[in-house]
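Participant: using only what follows, build the 3D model:
(4 chains)
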Protein chains: 2
Amino acid sequence: MPEMPDKKARLTDAAADLIYRKGFAHTTLADIAAAAKVALGSVYYYFKSRNDVARAILERRQFEIEQLFEKIDRLQTPRERLRALVEVWIETRDNDARYGCPIGSLCHELAKGRGPLSGEAAEPFKMLLGWCEVQFRLLGKPDQEAVALGLHLVAALQGISLIANALGDPDTILAEAAYLGDWLRDV
Amino acid sequence: MPEMPDKKARLTDAAADLIYRKGFAHTTLADIAAAAKVALGSVYYYFKSRNDVARAILERRQFEIEQLFEKIDRLQTPRERLRALVEVWIETRDNDARYGCPIGSLCHELAKGRGPLSGEAAEPFKMLLGWCEVQFRLLGKPDQEAVALGLHLVAALQGISLIANALGDPDTILAEAAYLGDWLRDV
DNA sequence: GTCTATAAGGCGATAGAC
DNA sequence: GTCTATCGCCTTATAGAC
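Facilitator: The predicted structure is shown next:
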(Lines give C-alpha, C1' and ligand atoms only; values in the text may rest on other atoms or scores of the structure.)
Protein backbone atom coordinates (compact mmCIF):
# COMPACT_ATOMS: atom_id res chain seq x y z
CA MET A 1 0.00 0.00 0.00
CA PRO A 2 1.32 3.50 -0.78
CA GLU A 3 2.67 5.47 2.21
CA MET A 4 -0.03 6.97 4.33
CA PRO A 5 -0.11 9.24 7.35
CA ASP A 6 -0.57 7.18 10.47
CA LYS A 7 -3.98 8.67 11.19
CA LYS A 8 -5.29 8.11 7.68
CA ALA A 9 -4.15 4.50 7.92
CA ARG A 10 -5.96 4.09 11.24
CA LEU A 11 -9.11 5.56 9.74
CA THR A 12 -8.94 3.32 6.69
CA ASP A 13 -8.32 0.25 8.85
CA ALA A 14 -11.27 1.04 11.06
CA ALA A 15 -13.52 1.85 8.11
CA ALA A 16 -12.60 -1.35 6.27
CA ASP A 17 -13.31 -3.44 9.35
CA LEU A 18 -16.59 -1.76 10.28
CA ILE A 19 -17.91 -1.63 6.74
CA TYR A 20 -17.07 -5.29 6.26
CA ARG A 21 -18.92 -6.30 9.40
CA LYS A 22 -21.87 -3.91 9.34
CA GLY A 23 -22.11 -2.91 5.69
CA PHE A 24 -21.49 0.52 4.20
CA ALA A 25 -25.06 1.69 4.68
CA HIS A 26 -25.01 0.99 8.42
CA THR A 27 -21.58 2.42 9.14
CA THR A 28 -21.48 6.10 10.08
CA LEU A 29 -18.52 8.43 9.98
CA ALA A 30 -18.91 8.79 13.73
CA ASP A 31 -18.52 5.00 14.10
CA ILE A 32 -15.36 5.06 12.03
CA ALA A 33 -13.88 8.06 13.81
CA ALA A 34 -14.58 6.49 17.20
CA ALA A 35 -13.06 3.14 16.23
CA ALA A 36 -9.94 4.90 14.91
CA LYS A 37 -9.82 7.13 17.98
CA VAL A 38 -9.95 10.26 15.89
CA ALA A 39 -12.30 13.23 16.26
CA LEU A 40 -15.25 13.24 13.89
CA GLY A 41 -14.21 16.52 12.27
CA SER A 42 -10.74 15.19 11.46
CA VAL A 43 -12.14 12.61 9.11
CA TYR A 44 -12.70 15.39 6.60
CA TYR A 45 -9.06 16.34 6.67
CA TYR A 46 -8.23 12.97 5.09
CA PHE A 47 -11.38 12.23 3.11
CA LYS A 48 -13.39 14.59 0.98
CA SER A 49 -16.66 12.82 1.72
CA ARG A 50 -18.24 9.63 2.93
CA ASN A 51 -18.11 8.16 -0.57
CA ASP A 52 -14.42 8.92 -0.61
CA VAL A 53 -13.99 6.54 2.33
CA ALA A 54 -15.71 3.82 0.34
CA ARG A 55 -13.37 4.48 -2.56
CA ALA A 56 -10.36 4.07 -0.26
CA ILE A 57 -11.61 0.69 0.91
CA LEU A 58 -12.29 -0.38 -2.65
CA GLU A 59 -8.67 0.46 -3.47
CA ARG A 60 -7.51 -1.49 -0.46
CA ARG A 61 -9.44 -4.56 -1.60
CA GLN A 62 -7.82 -4.25 -5.01
CA PHE A 63 -4.42 -4.07 -3.38
CA GLU A 64 -5.17 -7.17 -1.31
CA ILE A 65 -6.22 -9.04 -4.44
CA GLU A 66 -2.98 -8.01 -6.18
CA GLN A 67 -1.01 -9.26 -3.19
CA LEU A 68 -2.87 -12.56 -3.26
CA PHE A 69 -2.15 -13.03 -6.95
CA GLU A 70 1.49 -12.15 -6.44
CA LYS A 71 1.71 -14.92 -3.88
CA ILE A 72 -0.33 -17.51 -5.74
CA ASP A 73 1.37 -16.86 -9.07
CA ARG A 74 4.55 -18.42 -7.70
CA LEU A 75 2.89 -21.83 -7.84
CA GLN A 76 4.04 -23.99 -10.72
CA THR A 77 0.91 -24.85 -12.67
CA PRO A 78 -2.29 -22.91 -13.43
CA ARG A 79 -4.27 -25.76 -11.92
CA GLU A 80 -2.44 -25.40 -8.62
CA ARG A 81 -3.03 -21.66 -8.74
CA LEU A 82 -6.75 -22.04 -9.29
CA ARG A 83 -6.90 -24.55 -6.46
CA ALA A 84 -5.11 -22.06 -4.24
CA LEU A 85 -7.81 -19.49 -4.96
CA VAL A 86 -10.49 -21.92 -3.83
CA GLU A 87 -8.48 -22.64 -0.71
CA VAL A 88 -8.64 -18.97 0.26
CA TRP A 89 -12.39 -19.38 0.57
CA ILE A 90 -11.90 -22.42 2.79
CA GLU A 91 -9.58 -20.50 5.08
CA THR A 92 -11.88 -17.53 5.44
CA ARG A 93 -15.13 -19.47 5.61
CA ASP A 94 -16.01 -18.53 9.19
CA ASN A 95 -15.81 -14.82 8.49
CA ASP A 96 -17.56 -15.24 5.16
CA ALA A 97 -20.45 -17.03 6.85
CA ARG A 98 -20.73 -14.25 9.42
CA TYR A 99 -20.22 -11.18 7.25
CA GLY A 100 -20.12 -12.30 3.63
CA CYS A 101 -17.24 -12.11 1.18
CA PRO A 102 -15.23 -8.91 1.79
CA ILE A 103 -15.06 -8.30 -1.94
CA GLY A 104 -18.52 -9.40 -2.97
CA SER A 105 -20.49 -7.76 -0.20
CA LEU A 106 -18.87 -4.37 -0.76
CA CYS A 107 -19.17 -4.53 -4.55
CA HIS A 108 -22.77 -5.58 -4.23
CA GLU A 109 -23.69 -2.73 -1.95
CA LEU A 110 -21.89 -0.09 -4.00
CA ALA A 111 -22.90 -1.32 -7.46
CA LYS A 112 -26.61 -1.53 -6.56
CA GLY A 113 -28.81 1.13 -8.04
CA ARG A 114 -26.06 2.36 -10.34
CA GLY A 115 -24.79 4.79 -7.74
CA PRO A 116 -21.82 7.12 -8.15
CA LEU A 117 -19.43 4.32 -7.13
CA SER A 118 -20.75 1.57 -9.37
CA GLY A 119 -17.87 1.98 -11.81
CA GLU A 120 -15.11 1.51 -9.26
CA ALA A 121 -17.12 -1.17 -7.48
CA ALA A 122 -16.80 -3.52 -10.43
CA GLU A 123 -13.01 -3.36 -10.46
CA PRO A 124 -12.28 -6.12 -7.90
CA PHE A 125 -14.53 -8.49 -9.83
CA LYS A 126 -12.80 -7.61 -13.09
CA MET A 127 -9.46 -8.44 -11.50
CA LEU A 128 -10.70 -11.81 -10.25
CA LEU A 129 -12.28 -12.66 -13.60
CA GLY A 130 -9.27 -11.54 -15.61
CA TRP A 131 -6.86 -13.56 -13.51
CA CYS A 132 -8.98 -16.72 -13.72
CA GLU A 133 -9.31 -16.31 -17.46
CA VAL A 134 -5.53 -16.20 -17.80
CA GLN A 135 -5.14 -19.38 -15.77
CA PHE A 136 -7.66 -21.26 -17.86
CA ARG A 137 -5.97 -20.07 -21.03
CA LEU A 138 -2.68 -21.37 -19.68
CA LEU A 139 -4.49 -24.67 -19.19
CA GLY A 140 -4.96 -24.72 -22.95
CA LYS A 141 -8.54 -23.52 -23.18
CA PRO A 142 -9.54 -21.41 -26.18
CA ASP A 143 -10.29 -17.76 -25.43
CA GLN A 144 -14.05 -17.90 -25.23
CA GLU A 145 -14.09 -21.01 -23.08
CA ALA A 146 -11.48 -19.55 -20.74
CA VAL A 147 -13.77 -16.58 -20.13
CA ALA A 148 -16.74 -18.86 -19.46
CA LEU A 149 -14.77 -21.02 -17.04
CA GLY A 150 -13.51 -17.98 -15.16
CA LEU A 151 -17.04 -16.64 -14.94
CA HIS A 152 -18.25 -19.97 -13.60
CA LEU A 153 -15.56 -20.21 -10.93
CA VAL A 154 -15.94 -16.66 -9.64
CA ALA A 155 -19.73 -16.96 -9.71
CA ALA A 156 -19.57 -20.17 -7.69
CA LEU A 157 -17.28 -18.58 -5.09
CA GLN A 158 -19.36 -15.43 -4.80
CA GLY A 159 -22.62 -17.34 -4.74
CA ILE A 160 -21.52 -19.73 -2.03
CA SER A 161 -20.36 -16.82 0.13
CA LEU A 162 -23.79 -15.28 -0.24
CA ILE A 163 -25.55 -18.52 0.70
CA ALA A 164 -23.21 -19.22 3.60
CA ASN A 165 -23.85 -15.73 4.91
CA ALA A 166 -27.62 -15.98 4.58
CA LEU A 167 -27.64 -19.39 6.28
CA GLY A 168 -24.88 -18.47 8.72
CA ASP A 169 -23.26 -21.78 7.89
CA PRO A 170 -19.54 -22.04 6.96
CA ASP A 171 -19.95 -25.73 6.11
CA THR A 172 -21.70 -24.82 2.87
CA ILE A 173 -18.42 -23.21 1.75
CA LEU A 174 -16.58 -26.38 2.64
CA ALA A 175 -18.97 -28.44 0.54
CA GLU A 176 -18.77 -26.14 -2.48
CA ALA A 177 -14.99 -25.89 -2.22
CA ALA A 178 -14.77 -29.67 -2.30
CA TYR A 179 -16.97 -29.67 -5.38
CA LEU A 180 -14.84 -27.05 -7.10
CA GLY A 181 -11.67 -28.92 -6.19
CA ASP A 182 -12.92 -31.99 -8.04
CA TRP A 183 -14.08 -29.83 -10.92
CA LEU A 184 -10.67 -28.25 -11.28
CA ARG A 185 -9.07 -31.67 -11.40
CA ASP A 186 -11.13 -32.72 -14.41
CA VAL A 187 -11.60 -29.46 -16.30
CA MET B 1 -51.25 -14.21 -2.26
CA PRO B 2 -53.69 -14.10 0.68
CA GLU B 3 -56.46 -11.46 0.45
CA MET B 4 -55.26 -8.00 1.18
CA PRO B 5 -56.91 -4.61 1.40
CA ASP B 6 -56.41 -2.75 -1.85
CA LYS B 7 -54.27 -0.11 -0.22
CA LYS B 8 -52.01 -2.59 1.52
CA ALA B 9 -51.51 -4.36 -1.79
CA ARG B 10 -50.57 -1.09 -3.46
CA LEU B 11 -48.09 -0.32 -0.71
CA THR B 12 -46.53 -3.77 -0.91
CA ASP B 13 -46.30 -3.54 -4.70
CA ALA B 14 -44.61 -0.16 -4.54
CA ALA B 15 -42.27 -1.25 -1.76
CA ALA B 16 -41.25 -4.44 -3.57
CA ASP B 17 -40.49 -2.51 -6.72
CA LEU B 18 -38.59 0.34 -5.08
CA ILE B 19 -36.62 -1.88 -2.74
CA TYR B 20 -35.68 -4.13 -5.64
CA ARG B 21 -34.40 -1.22 -7.69
CA LYS B 22 -32.84 0.98 -5.02
CA GLY B 23 -32.17 -1.46 -2.19
CA PHE B 24 -33.81 -1.52 1.21
CA ALA B 25 -31.32 0.87 2.77
CA HIS B 26 -31.98 3.56 0.20
CA THR B 27 -35.75 3.27 0.14
CA THR B 28 -37.66 5.46 2.58
CA LEU B 29 -41.21 5.07 3.78
CA ALA B 30 -41.95 8.40 2.13
CA ASP B 31 -40.75 7.00 -1.22
CA ILE B 32 -43.02 4.00 -0.82
CA ALA B 33 -46.02 6.02 0.26
CA ALA B 34 -45.59 8.41 -2.66
CA ALA B 35 -45.23 5.61 -5.20
CA ALA B 36 -48.35 3.92 -3.83
CA LYS B 37 -50.20 7.27 -3.71
CA VAL B 38 -50.90 6.89 -0.03
CA ALA B 39 -50.22 9.39 2.73
CA LEU B 40 -47.07 8.75 4.74
CA GLY B 41 -48.95 8.38 7.99
CA SER B 42 -51.21 5.69 6.52
CA VAL B 43 -48.30 3.33 6.05
CA TYR B 44 -48.40 2.69 9.78
CA TYR B 45 -51.97 1.56 9.62
CA TYR B 46 -50.88 -1.42 7.55
CA PHE B 47 -47.34 -1.99 8.79
CA LYS B 48 -46.06 -1.87 12.36
CA SER B 49 -42.64 -0.57 11.31
CA ARG B 50 -40.20 -0.22 8.49
CA ASN B 51 -38.81 -3.70 9.13
CA ASP B 52 -42.35 -5.01 8.88
CA VAL B 53 -42.44 -3.79 5.27
CA ALA B 54 -39.28 -5.78 4.56
CA ARG B 55 -40.89 -8.83 6.08
CA ALA B 56 -43.89 -8.44 3.80
CA ILE B 57 -41.65 -8.34 0.74
CA LEU B 58 -39.73 -11.37 1.95
CA GLU B 59 -43.04 -13.22 2.19
CA ARG B 60 -43.96 -12.07 -1.29
CA ARG B 61 -40.71 -13.42 -2.68
CA GLN B 62 -41.40 -16.75 -1.01
CA PHE B 63 -44.84 -16.79 -2.56
CA GLU B 64 -43.37 -16.07 -5.99
CA ILE B 65 -40.91 -18.92 -5.57
CA GLU B 66 -43.73 -21.28 -4.59
CA GLN B 67 -45.65 -20.21 -7.69
CA LEU B 68 -42.63 -20.81 -9.87
CA PHE B 69 -42.14 -24.30 -8.46
CA GLU B 70 -45.80 -25.08 -8.91
CA LYS B 71 -45.46 -24.22 -12.58
CA ILE B 72 -42.11 -25.91 -13.18
CA ASP B 73 -43.06 -29.05 -11.28
CA ARG B 74 -45.49 -29.93 -14.05
CA LEU B 75 -42.55 -30.74 -16.34
CA GLN B 76 -41.93 -34.44 -16.83
CA THR B 77 -38.35 -35.03 -15.71
CA PRO B 78 -36.23 -33.50 -12.94
CA ARG B 79 -33.65 -32.59 -15.58
CA GLU B 80 -36.20 -30.53 -17.51
CA ARG B 81 -37.28 -28.87 -14.27
CA LEU B 82 -33.72 -27.89 -13.36
CA ARG B 83 -33.22 -26.54 -16.87
CA ALA B 84 -36.38 -24.50 -16.49
CA LEU B 85 -34.95 -22.90 -13.36
CA VAL B 86 -31.86 -21.83 -15.27
CA GLU B 87 -34.08 -20.44 -18.01
CA VAL B 88 -35.73 -18.12 -15.54
CA TRP B 89 -32.36 -16.43 -15.11
CA ILE B 90 -32.04 -16.08 -18.87
CA GLU B 91 -35.45 -14.44 -19.11
CA THR B 92 -34.79 -11.96 -16.35
CA ARG B 93 -31.17 -11.23 -17.21
CA ASP B 94 -31.67 -7.58 -18.15
CA ASN B 95 -33.26 -6.72 -14.84
CA ASP B 96 -30.74 -8.84 -12.96
CA ALA B 97 -27.89 -6.98 -14.60
CA ARG B 98 -29.45 -3.66 -13.66
CA TYR B 99 -30.68 -4.37 -10.15
CA GLY B 100 -29.39 -7.80 -9.14
CA CYS B 101 -31.38 -10.92 -8.37
CA PRO B 102 -34.65 -9.99 -6.60
CA ILE B 103 -34.15 -12.83 -4.15
CA GLY B 104 -30.39 -12.61 -3.66
CA SER B 105 -30.06 -8.87 -3.32
CA LEU B 106 -32.77 -8.64 -0.69
CA CYS B 107 -31.51 -11.64 1.28
CA HIS B 108 -28.01 -10.27 1.15
CA GLU B 109 -29.00 -6.89 2.46
CA LEU B 110 -31.18 -8.23 5.25
CA ALA B 111 -28.91 -11.07 6.35
CA LYS B 112 -25.82 -8.86 6.59
CA GLY B 113 -24.65 -8.03 10.07
CA ARG B 114 -27.04 -10.54 11.62
CA GLY B 115 -29.80 -7.99 11.85
CA PRO B 116 -33.27 -8.65 13.26
CA LEU B 117 -34.43 -10.01 9.89
CA SER B 118 -31.55 -12.37 9.18
CA GLY B 119 -33.63 -15.39 10.14
CA GLU B 120 -36.46 -14.71 7.72
CA ALA B 121 -34.01 -13.51 5.06
CA ALA B 122 -32.56 -17.00 4.69
CA GLU B 123 -35.93 -18.57 3.91
CA PRO B 124 -36.03 -17.95 0.13
CA PHE B 125 -32.58 -19.52 -0.21
CA LYS B 126 -33.67 -22.52 1.81
CA MET B 127 -36.62 -22.99 -0.53
CA LEU B 128 -34.42 -22.84 -3.61
CA LEU B 129 -31.85 -25.21 -2.12
CA GLY B 130 -34.45 -27.65 -0.88
CA TRP B 131 -36.21 -27.82 -4.23
CA CYS B 132 -32.96 -28.36 -6.16
CA GLU B 133 -31.94 -31.07 -3.74
CA VAL B 134 -35.19 -32.92 -4.39
CA GLN B 135 -34.67 -32.73 -8.16
CA PHE B 136 -31.16 -34.13 -7.94
CA ARG B 137 -32.36 -36.91 -5.69
CA LEU B 138 -35.01 -37.75 -8.26
CA LEU B 139 -32.14 -37.92 -10.75
CA GLY B 140 -30.78 -40.79 -8.68
CA LYS B 141 -28.12 -38.95 -6.72
CA PRO B 142 -27.41 -40.11 -3.16
CA ASP B 143 -28.49 -37.69 -0.42
CA GLN B 144 -25.20 -35.99 0.28
CA GLU B 145 -24.39 -35.47 -3.38
CA ALA B 146 -27.84 -34.10 -4.08
CA VAL B 147 -27.27 -31.44 -1.44
CA ALA B 148 -23.88 -30.55 -2.92
CA LEU B 149 -25.27 -30.30 -6.44
CA GLY B 150 -28.12 -28.09 -5.31
CA LEU B 151 -25.69 -25.88 -3.46
CA HIS B 152 -23.55 -25.62 -6.57
CA LEU B 153 -26.43 -24.71 -8.85
CA VAL B 154 -27.93 -22.07 -6.58
CA ALA B 155 -24.49 -20.63 -5.85
CA ALA B 156 -23.75 -20.36 -9.57
CA LEU B 157 -27.06 -18.60 -10.24
CA GLN B 158 -26.67 -16.20 -7.34
CA GLY B 159 -23.03 -15.52 -8.11
CA ILE B 160 -23.63 -14.78 -11.76
CA SER B 161 -26.42 -12.35 -10.86
CA LEU B 162 -23.98 -10.56 -8.57
CA ILE B 163 -21.31 -10.36 -11.26
CA ALA B 164 -23.75 -9.30 -13.95
CA ASN B 165 -25.02 -6.55 -11.69
CA ALA B 166 -21.53 -5.31 -10.79
CA LEU B 167 -20.49 -5.31 -14.44
CA GLY B 168 -23.87 -4.13 -15.68
CA ASP B 169 -23.67 -6.85 -18.31
CA PRO B 170 -26.57 -9.29 -18.93
CA ASP B 171 -24.44 -11.32 -21.34
CA THR B 172 -22.51 -12.82 -18.44
CA ILE B 173 -25.76 -14.46 -17.37
CA LEU B 174 -26.25 -15.82 -20.85
CA ALA B 175 -22.76 -17.33 -20.80
CA GLU B 176 -23.18 -18.92 -17.39
CA ALA B 177 -26.65 -20.22 -18.23
CA ALA B 178 -25.20 -21.91 -21.31
CA TYR B 179 -22.53 -23.46 -19.13
CA LEU B 180 -25.08 -24.70 -16.60
CA GLY B 181 -27.25 -26.07 -19.39
CA ASP B 182 -24.40 -28.27 -20.58
CA TRP B 183 -23.61 -29.21 -17.02
CA LEU B 184 -27.18 -30.33 -16.37
CA ARG B 185 -27.07 -32.51 -19.46
CA ASP B 186 -24.08 -34.46 -18.18
CA VAL B 187 -24.60 -34.48 -14.45
C1' DG C 1 -59.35 4.51 7.81
C1' DT C 2 -57.05 8.37 6.07
C1' DC C 3 -55.01 12.44 6.35
C1' DT C 4 -51.67 16.56 7.95
C1' DA C 5 -48.43 18.10 11.06
C1' DT C 6 -44.81 17.46 13.91
C1' DA C 7 -41.93 15.42 17.42
C1' DA C 8 -37.46 13.14 18.17
C1' DG C 9 -33.29 11.58 16.79
C1' DG C 10 -29.49 10.68 13.66
C1' DC C 11 -26.35 11.87 10.08
C1' DG C 12 -23.14 14.24 6.72
C1' DA C 13 -20.80 18.16 6.37
C1' DT C 14 -18.84 22.69 7.81
C1' DA C 15 -17.10 26.57 10.84
C1' DG C 16 -13.85 28.19 13.44
C1' DA C 17 -10.88 28.10 17.77
C1' DC C 18 -6.45 26.34 19.09
C1' DG D 1 -3.49 19.31 11.76
C1' DT D 2 -6.74 18.48 15.24
C1' DC D 3 -10.38 19.46 17.86
C1' DT D 4 -15.42 20.91 19.56
C1' DA D 5 -19.65 22.70 18.34
C1' DT D 6 -23.29 23.10 15.42
C1' DC D 7 -26.01 23.73 11.11
C1' DG D 8 -29.27 21.75 8.06
C1' DC D 9 -31.37 18.01 6.28
C1' DC D 10 -33.60 13.64 6.21
C1' DT D 11 -36.15 9.82 8.27
C1' DT D 12 -38.88 7.01 11.37
C1' DA D 13 -42.59 7.14 14.07
C1' DT D 14 -46.55 9.28 16.54
C1' DA D 15 -50.44 12.58 17.62
C1' DG D 16 -54.61 13.98 16.64
C1' DA D 17 -58.19 16.18 13.47
C1' DC D 18 -61.57 14.63 10.18
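
Participant: let me see the domain layout of chain A.
Facilitator: A:1-47, A:60-186 (automatic domain parsing).

Participant: so which of these gets nearest DNA strand D?
Facilitator: Closest to DNA strand D of the domains of chain A is domain A:1-47 (Cβ to the nearest atom of the strand; 2.1 Å). Bear in mind the C-beta positions are built from the backbone N, C-alpha and C, glycine included.

Participant: deepest of the domains of chain A, which one?
Facilitator: Neighbour counts (mean count of other Cβ atoms under 10 Å in any protein chain shown) averaged over each of those peak at domain A:60-186, with a mean of 19.

Participant: near DNA strand D, which residues of chain A? Just list them.
Facilitator: For chain A, the residues in contact with DNA strand D (Cβ under 7 Å from any atom of the strand) are A:P5, A:K7, A:V38, A:A39, A:L40, A:G41, A:S42, A:Y45.

Participant: out of those, which is nearest to B:R50?
Facilitator: Closest approach to B:R50 among those (Cβ to Cβ): A:L40, at 26.3 Å.

Participant: what's the closest non-adjacent residue to the closest one?
Facilitator: Nearest residue to A:L40, sequence neighbours excluded (Cβ to Cβ, 6 or more residues apart in numbering or on different chains): A:A33, at 4.6 Å.

Participant: strands of chain A, residue ranges please.
Facilitator: Counting by DSSP state E, one finds no strands in chain A.

Participant: where does the prediction get shaky in it?
Facilitator: A:1-3 (pLDDT under 70).

Participant: longest single helix anywhere in it?
Facilitator: helix A:143-167 (DSSP state H).

Participant: helices along chain A, start to end?
Facilitator: In chain A, the segments counted as helices under DSSP H are A:6-22, A:29-35, A:43-46, A:50-72, A:78-91, A:93-99, A:102-111, A:118-121, A:123-138, A:143-167, A:171-186.

Participant: flag every residue of chain A that's near DNA strand C.
Facilitator: Residues of chain A found near DNA strand C, taking Cβ under 7 Å from any atom of the strand as the criterion, are A:T28, A:L29, A:A30, A:L40, A:G41, A:Y44, A:S49, A:R50, A:N51.

Participant: what's the farthest-apart pair in the residues you listed?
Facilitator: Using Cβ to Cβ, these span at most 18.0 Å, a distance reached by A:G41 and A:N51.

Participant: list the contacts for A:A156?
Facilitator: A:A156 makes contacts with A:E176, A:L180, B:H152, B:A155, B:A156, B:G159, as judged by Cβ atoms under 8 Å, 6 or more residues apart in numbering or on different chains.

Participant: for the fourth one, give me its contacts.
Facilitator: Applying Cβ under 8 Å, 6+ apart, we find B:A155 in contact with A:A155, A:A156, A:Q158, A:G159, A:I160, A:L162, A:I163, A:E176.

Participant: quick check: the fifth one vs B:H152, distance?
Facilitator: Yep, that's A:I160 we're talking about. Distance, A:I160 to B:H152, by Cβ to Cβ, to the nearest Å: 8 Å.

Participant: list the residues that are in contact with both of those two.
Facilitator: With contacts taken as Cβ under 8 Å, 6+ apart, A:I160 and B:H152 have A:E176 as neighbours in common.

Participant: to B:F24, which of the domains of chain A lies closest?
Facilitator: Nearest to B:F24 among those is domain A:1-47; the distance by Cβ to Cβ comes to 8.6 Å.

Participant: report the distance from that closest one to the chain centre.
Facilitator: How far domain A:1-47 lies from its chain's middle: 18 Å, per Cα atoms, centre = their mean, to the nearest Å.

Participant: now stretch A:147-166
Facilitator: A distance of 12 Å separates the centroid of the chain from that of stretch A:147-166, by Cα atoms, centre = their mean.

Participant: spatially central residue for chain A, please.
Facilitator: The centre of chain A sits closest to A:I103, judged by Cα atoms, centre = their mean, with a distance of 2.1 Å.

Participant: wait, doesn't that one sit right on A:R61?
Facilitator: Yes - with contact defined as Cβ atoms under 8 Å, A:I103 counts as touching A:R61 (5.6 Å).

Participant: now for those two: what residues contact both?
Facilitator: In contact with both A:I103 and A:R61: A:P124, using Cβ under 8 Å, 6+ apart.

Participant: setting the sequence-adjacent residues aside, check what's closest to A:E123.
Facilitator: Leaving aside its chain neighbours, A:E123 sits nearest to A:Q62 (5.9 Å; criterion: Cβ to Cβ, 6+ apart).

Participant: measure stretch A:82-102 end to end?
Facilitator: With Cα to Cα, to the nearest Å as the measure, stretch A:82-102 spans 19 Å from end to end.

Participant: can that stretch be found next to chain B?
Facilitator: Yes - residues of stretch A:82-102 contacting chain B under Cβ under 8 Å from any Cβ of the partner chain: A:R98, A:Y99, A:G100.

Participant: which residue is the nearest non-sequential neighbour of the second one?
Facilitator: When the adjacent residues along the chain are set aside, A:Y99 lies closest to A:R21, with 5.2 Å between them (Cβ to Cβ, 6+ apart).
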